[in-house]
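K.L.:
Give the three-dimensional model of this entry:
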Amino acid sequence: MRKTKKTLSLLLALAMVLTLFAGVAQASASVRITSTTAVLIPGSNRVLGTVTIAYDTAIGIDPIAANTATVVTVTLPSGVTWDADDITAATTTPAGIWTRERVDAQTAIFRATSTPAITGLLTILTRADIASDFRGDILATVAVRSESFDATQIFWEQSETERLGRVAATGTTSTAPSPTNVVRGVGNQSVSDIRIRENIHGSLTDGADITIALPSGVTFANIVGATIVSPSTATTTVPSDAALQTITLSTIRLNVGPNVPDGPIIVTISGANATDATVTVATVGVVGAVTVAPRNAPADPITAGRLGEQVADIRLTENIAGALMPNRTISLTLPVGFTWNEVAEVSGDDFIVGTPDISDGGRTLTYWTPPTLAGGRYFDIDMVRINTRIDAPAGDIVVTVGGTAGASGTAVLGTLRRPVTVTAVTVPNVRADATGQALGNIVISEAFVGAIRTGTIELTLPSGFTFDGTPTVTISDVVGTEPSITSAMALLPTNTTASVTLAAAVTPTNAATITFSGIRVNSDRLMRVVFGPLNVNVRGSAILEPIATAAPNVVGVSNVSHGAAVGDNIATVTAGNVVSATARTTVFTVGSTAFTVNGVAQPPIDVAPFIQDGRTMMPIRAAANAAGVTNDNIFFEAGVITIIRGDRVAQFTLGSRVMVVNGVAMNMDVAPALVSNRALIPVRWVATALGVPVVWDATARTVTVTVQ
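P.N.:
Here you go, the predicted structure:
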């Protein structure tokens, strides 16, 4: 019986709890919370956005139940505090039921107690004080709850985060939207407008002055929106305005002094709490104020090593009236390797005065502008001829225009080509104490048809060598009437120069090739010769401009030196290699057991050299002997090969690509190998280890090892 009573009591209590929760569910509702955002600057009594709480039955949101209290709490973030005197709340149905219950630093609470249901719109108008260092969004927490009149029961509660404001940095942004090009020495020139815009309303101080200052040498002629207070200073007063402000200064005209340098005209802006700023309203001497362009360019390229080659005319044109200043210079500079020869005519509205100066070794012409200049002028340099050195760089010939008058730019006057190429077929060794030694054949090939003209071609040997007999000259590859030899190859009195006279080809159709063969030289034992490349100088009027035409016919230049203008040598070609009197030259041929030492045949080696991985392999003793090592300094033990030459000790191991020289390991690209019971070694690596030069001739497939 007692157990039954206890069970009934529990059921009764549970029923009461369920009844209570059922009542709360019936009274529950929900609201729509929205807000507006204001853009602000820090300070006191700032107007934030509004908080709106709506009950809209049309979309299924029920009004707050009757006989309940509604509480709205708005909490501001740190750094933002309520201005308590300016917080209000209003509703329409029922009217006047909302009261401001409490406001502290960051929390405001509003309460409505009404017997009928609350169906109207609640709007909270907010004002707050914003700390000076606060930046970014003002995010407020808005909470709405329904509770009993005595606040002992909460039926439902809803909370959202709303952005009531955004705090931006104070200050201004200054711009000049469309800078212009202006010229020095000219007044009343239009420049860009200037715009000063508040980043946020209230940045500028109402009634204060903003100062606009010009750089040295520039003064105001006019400005709309500001007052000129001195030649280089103007001020504008900030008006009172409830909205974000943009101050525009327009119709700005400046006087630009004659000594203002090239570059931007920069205006300085300051005052009235505007952010200090600089803006570029115009540019002085900008590239493009004067156009430099070629005119009447020749159709064909010009040739290196010639005097008086005609190139394009040059025109300088003002794009802006007054771009060129009076009593200043205009310079025209050719690249290295070119000099001025003749300028037949200069025209264009008295653009220049007097005769030009010449400088930079004939590369630069300098003209002067007259004392007065009208705007919109042009300047033509016609019938331009230049001298071209044989070693000048091939390709476009670019003249650079400069000077102090305001002209700048470049123009392509033409294209340079080389007349010939000069090569040596082979480069044999030449002993320093022998006679009748052969040099490699020297071949001169026309780069274009007709490059070789009537005149001489000379070969000149270096100091310490003379010709042993007269070389043979042959001409080939010409279809039609080829260049002809009008005077046989002859030696000049010192025997250091061999010369031949040619006549130009008549209507040639192919480029010619001239070959000098059978060149033999003697070494003067009494003179000290330089070991290494034996360079032959090739020159002559058949290719270089004839000396007789180097008359002083250039403007501003006298006594033109043929050599300085076009160069003395067509080319310098290495036709031999000078070695000492005790030099030993060994020549091996791939695939042959025969070899020579200083041109004398030797007993054959037992294994012919062959190519492996791009390297020539040969017997150890043959390679070492060629490098000047005697047999008693060659050791082979347990697969390790040791070779000693002077202070160098080189070790190689069969099957290993590691070479050790004086204790330092080096990696090779091919390893020594055992072939037909003979140890073979890469000859180039032997020579490298012992400091001996090796020459590979891919055509003859020979390896030449020379020991001084």
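
K.L.:
which stretches of the stretch 201-350 of the chain form strands?
P.N.:
Applying DSSP state E, counting those that start in this stretch to the stretch 201-350 of the chain gives strands spanning 209-213, 218-224, 227-230, 233-237, 246-256, 263-270, 277-284, 290-295, 302-303, 306-310, 313-318, 329-333, 338-347.

K.L.:
Least reliable of the ones you listed by average pLDDT, please.
P.N.:
Mean pLDDT is lowest for strand 338-347 among those, at a mean of 73.

K.L.:
hmm, back to that, any chance of the strands of the stretch 201-350 of the chain in a markdown table, plus distance to residue 530?
P.N.:
C-beta: built from backbone N, CA, C; applies to glycine. As requested, the strands of the stretch 201-350 of the chain are exported to a markdown table (distance: least, CB to CB, whole Å):
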| stretch | distance to residue 530 |
| --- | --- |
| strand 209-213 | 70 |
| strand 218-224 | 65 |
| strand 227-230 | 75 |
| strand 233-237 | 74 |
| strand 246-256 | 63 |
| strand 263-270 | 54 |
| strand 277-284 | 58 |
| strand 290-295 | 46 |
| strand 302-303 | 33 |
| strand 306-310 | 33 |
| strand 313-318 | 46 |
| strand 329-333 | 38 |
| strand 338-347 | 32 |
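
K.L.:
want to throw those strands into CSV with distance to residue 466 and mean neighbour count?
P.N.:
CSV is the format used below for those (distance: least, CB to CB, whole Å; neighbours: other CB atoms under 10 Å):
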stretch, distance to residue 466, mean neighbour count
strand 209-213, 80, 20
strand 218-224, 74, 17
strand 227-230, 84, 12
strand 233-237, 83, 18
strand 246-256, 71, 18
strand 263-270, 64, 18
strand 277-284, 66, 20
strand 290-295, 50, 18
strand 302-303, 33, 20
strand 306-310, 32, 22
strand 313-318, 50, 21
strand 329-333, 44, 21
strand 338-347, 35, 19
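
K.L.:
Residue 200: which of those strands is closest?
P.N.:
strand 246-256 (12.6 Å; CB to CB).

K.L.:
what's the spacing between the closest one and its chain's center?
P.N.:
Relative to the centre of its chain, strand 246-256 is centred 36 Å away, using CA atoms, centre = their mean, to the nearest Å.

K.L.:
Quick check: neighbours of it in the sheet, parallel or antiparallel?
P.N.:
Here strand 246-256 is paired, per DSSP bridges, with strand 186-190 (antiparallel), strand 194-198 (antiparallel), strand 218-224 (antiparallel).

K.L.:
could you give the angle of it to strand 209-213?
P.N.:
30 degrees (axes from the mean of the first three to the mean of the last three CA atoms, to 10 degrees).

K.L.:
To residue 154, which of the strands of the stretch 201-350 of the chain lies closest?
P.N.:
Between the strands of the stretch 201-350 of the chain, strand 246-256 lies closest to residue 154; by CB to CB that is 51.7 Å.

K.L.:
My guess is residue 128 contacts residue 77. True?
P.N.:
No - taking contacts as CB atoms under 8 Å, residue 128 lies outside contact range of residue 77: 10.2 Å.

K.L.:
what about those two, which has more around it?
P.N.:
residue 128 (25 against 15; other CB atoms under 10 Å).

K.L.:
Just give me the neighbour total for residue 414.
P.N.:
Residue 414 has 23 neighbours, counted by other CB under 10 Å.

K.L.:
show me what contacts it?
P.N.:
Residues near residue 414 by CB atoms under 8 Å, 6 or more residues apart in numbering: 297-298, 301-302, 309, 311-312, 396-397.

K.L.:
Of all the strands paired with strand 246-256, which one is nearest residue 498?
P.N.:
Nearest of the strands paired with strand 246-256 (CB to CB): strand 186-190, 66.5 Å.

K.L.:
re earlier: would you reformat the strands paired with strand 246-256 as a markdown table and include distance to residue 81?
P.N.:
Converted to a markdown table, the strands paired with strand 246-256 look like this (distance: least, CB to CB, whole Å):
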| stretch | distance to residue 81 |
| --- | --- |
| strand 186-190 | 52 |
| strand 194-198 | 25 |
| strand 218-224 | 45 |
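
K.L.:
Now do stretch 214-232: distance to the chain's middle.
P.N.:
Computed by CA atoms, centre = their mean, the chain-centroid distance of stretch 214-232 equals 39 Å.

K.L.:
which residues touch it?
P.N.:
Under CB under 8 Å, 6+ apart, the answer for stretch 214-232 is 187-189, 212-213, 233-236, 247-257, 259-260, 265-267.

K.L.:
pretty sure residue 100 contacts residue 107?
P.N.:
No - between residue 100 and residue 107 there is no contact under CB under 8 Å: 11.7 Å.

K.L.:
related to what we said a few turns ago, of all the contacts of residue 414, which comes closest to residue 71?
P.N.:
Among the contacts of residue 414, residue 396 lies closest to residue 71 (CB to CB), at 85.4 Å.

K.L.:
Count the residues that sit near the residue nearest to that closest one when sequence neighbours are not counted.
P.N.:
Excluding the flanking residues, the one nearest residue 396 by CB to CB, 6 or more residues apart in numbering is residue 412, at 4.9 Å. Residues contacting residue 412 under the criterion other CB under 10 Å number 15.
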